[in-house]
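1. Show me the folded form of this:
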Amino acid sequence: MKKTISIMVPTYNEEENVVLMHQALVKMFQKDLPNYNYEILFIDNKSKDNTRKLLRQICEKDKNVKAIFNAQNFGQFNSPYYGLINTSGDCTIGMAADFQDPIDMIPKFVKSWEEGYKIVIGIKNQSKESKIMYFLRSLYYKMIKKFSEVEQIEHFTGFGLYDKRFIEVLKNLDDPDPYLRGIVSELGFERKEIPFTQPKRERGKSSNNWYRLYDAGMLGITSYTKVGLRMATILGFIISAISVIVALIYLVLKLCMWNSFQAGIAPLIIGVFLLGGIQIFFIGFLGEYILSINQRIMHRPLVVVEEKLNFKKSEKNE
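-> Alright, predicted model coming up:
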């Protein structure tokens, strides 16, 4: 009996890519992986264009294609995670709909999986995106890797192959705000990393903006590092110590040169604004940790499903 490989593709306003993605994946299976059955699962995060209409047409023509339509946009992490745990193949490959995760990497992933690896992931060692963005991403990965107690994987976006045993691990996690990149390194099996060059997006517009990138970055920091809390404690101690030393110096100078030494108001104003700025910064940083804790203790569902296409009746109710 042939093994089944699942491909999970999250979508949001990808009307220019979904049909081409389906065609490219089917062609790849026919050419490079003819000995496997395939399942392609598109999970749509409340697209506002014709993505859902096109997915309906694809599902009607190809019964190996499934689709999940979310009731609302549940973010860039929850939706793909839910898609992964709703696949049924012997392994699942998660990839982007914009072709920035190269399809020709899939046979390489499968070959390593056949060799016994339960997790095979793609690592962006080069990218044709903005050099500034790639540089900033590199700094972020190095920072979180340095401060995290859990091993972090640089330039890993979630693009990779996951054996069904690891998919079962994901299903059993009780985390309403999952960070797959950290989960793979913390809870995953022995993995193989395959480098690739990320191409530019050719069609459509990326939904990633600075807010979404900030949200992703903060989720990684608050989930797997204590750097914010430690910075607040250490910097607060240092500034308090400096403030005490400066105050003692001013007191000694004033006592020694009572009439000639004018302390003035400037040092007081500078000190107030400096300490105020630092306090506001760290109150915001602590708020990010509190927000992360709050999201986890509310136990909200990963997503709310509006409709499932080409699923069995028992699967639709899950």
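
2. For the helix or strand hosting G276, give the mean pLDDT please.
-> Assigned by DSSP states H and E, G276 falls within helix 266-297. Mean per-residue pLDDT for helix 266-297: 67.

3. Then stretch 73-91?
-> Rounded mean pLDDT across stretch 73-91 is 91.

4. buried residues in that stretch?
-> 73-87, 89-91 (16 or more other C-beta atoms under 10 Å). C-beta here means a position set from N, CA and C on the backbone, and glycine is covered the same way.

5. Among those residues, which lie within strands?
-> Counting by DSSP state E, the part of those found in strands is C91.

6. ok, back up a step: can you name every helix or strand that whichever helix or strand comes after the helix holding G276 contacts?
-> Using DSSP H and E, the helix or strand that follows helix 266-297 in sequence is strand 305-309. In terms of contacts (3 or more C-beta pairs under 8 Å, 6 or more residues apart in numbering; DSSP states H and E), strand 305-309 is packed against helix 51-61, strand 65-70.

7. circling back to that earlier point, out of the buried residues of stretch 73-91, which are inside helices?
-> Residues of the buried residues of stretch 73-91 located in helices (DSSP state H): 75-84.

8. just these now: which is nearest T51?
-> When these are ranked by distance to T51 (C-beta to C-beta), S79 comes first, at 13.0 Å.

9. What residues does K171 make contact with?
-> Applying C-beta atoms under 8 Å, 6 or more residues apart in numbering to K171 gives the contacts I85.

10. Would you mind measuring from it to L180?
-> Distance, K171 to L180, by C-beta to C-beta, to the nearest Å: 13 Å.

11. same deal with V305?
-> Distance, V305 to L180, using C-beta to C-beta: 19 Å.

12. And for Q198?
-> Distance from Q198 to L180, by C-beta to C-beta: 18 Å.

13. picking up where we left off before, dump the helices and strands packed on strand 305-309 into JSON lines; add mean pLDDT and mean neighbour count as well.
-> Shown next, in JSON lines, are the helices and strands packed on strand 305-309 (pLDDT from 0 to 100; neighbours: other C-beta atoms under 10 Å):
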{"stretch": "helix 51-61", "mean pLDDT": "96", "mean neighbour count": "18"}
{"stretch": "strand 65-70", "mean pLDDT": "96", "mean neighbour count": "24"}
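
14. Output the ones you listed in JSON lines, with distance to E190 appended to each entry.
-> As requested, those are exported to JSON lines (distance: least, C-beta to C-beta, whole Å):
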{"stretch": "helix 51-61", "distance to E190": "35"}
{"stretch": "strand 65-70", "distance to E190": "30"}
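
15. Can you check which of those gets nearest to S185?
-> strand 65-70 (26.6 Å).

16. Show me what that closest one is packed up against.
-> Helices and strands touching strand 65-70, as assessed by 3+ C-beta pairs under 8 Å, 6+ apart, comprise strand 37-44, helix 51-61, helix 75-84, strand 305-309.

17. Looking at those, which is nearest to Y250?
-> Closest among those, once you apply C-beta to C-beta, is helix 75-84, at 51.0 Å.

18. for the closest one, packing partners?
-> Against helix 75-84 (3+ C-beta pairs under 8 Å, 6+ apart) you get strand 4-11, strand 37-44, strand 65-70, strand 91-94, helix 164-172, helix 180-187, helix 210-224.

19. what do you get if the cut-off is 6 Å, keeping everything else the same?
-> Judged by 3 or more C-beta pairs under 6 Å, 6 or more residues apart in numbering; DSSP states H and E, helix 75-84 is in contact with strand 4-11, strand 37-44.

20. Quick check: which of those strands is buried the most?
-> Most buried of these by mean neighbour count (mean count of other C-beta atoms under 10 Å) is strand 4-11; its value is a mean of 25.
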